[in-house]
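J.: sequence isn't available, so here's the structure alone:
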């Protein structure tokens, strides 16, 4: 039984490593899309991302132009 438990533990560790790598890849993809101004396709729709600094800049610009 000990070897079976060890095998299950190793499989769970590898699964968790895969999840971690997948999350890091997705974060990098999102970061690159925001930096390049290119869309991310989700469910057949294009989503454009912007950084927190770009968003804040847009808010201030809207306020200066009488918006918000």
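T.: Structure received. In this text the structure is predicted, and so the values were computed from the model without any measurement. Residues are numbered from 1 along each chain as shown.
J.: how far off centre is the helix ranked longest in the chain?
T.: The residue-count maximum for a helix in the chain (DSSP state H) belongs to helix 2-36. Helix 2-36 has its C-alpha centroid displaced from the chain centroid by 14 Å (Cα atoms, centre = their mean, to the nearest Å).
J.: centre of the chain to the next helix or strand after it, how far?
T.: Sequence order places strand 40-42 as the next helix or strand after helix 2-36, per DSSP states H and E. Chain-centre distance of strand 40-42: 11 Å, with Cα atoms, centre = their mean.
J.: which strands or helices does strand 40-42 pack on?
T.: Under the contact criterion of 3 or more Cβ pairs under 8 Å, 6 or more residues apart in numbering; DSSP states H and E, strand 40-42 touches helix 2-36, strand 45-47. Every C-beta, even on glycine, is put in place using the N, C-alpha and C of the backbone.
J.: quick one, which of these gets closest to residue 53.
T.: Minimum separation from residue 53 across the helices and strands packed on strand 40-42 (Cβ to Cβ) falls at helix 2-36, 10.3 Å.
J.: with that, I have no additional questions.
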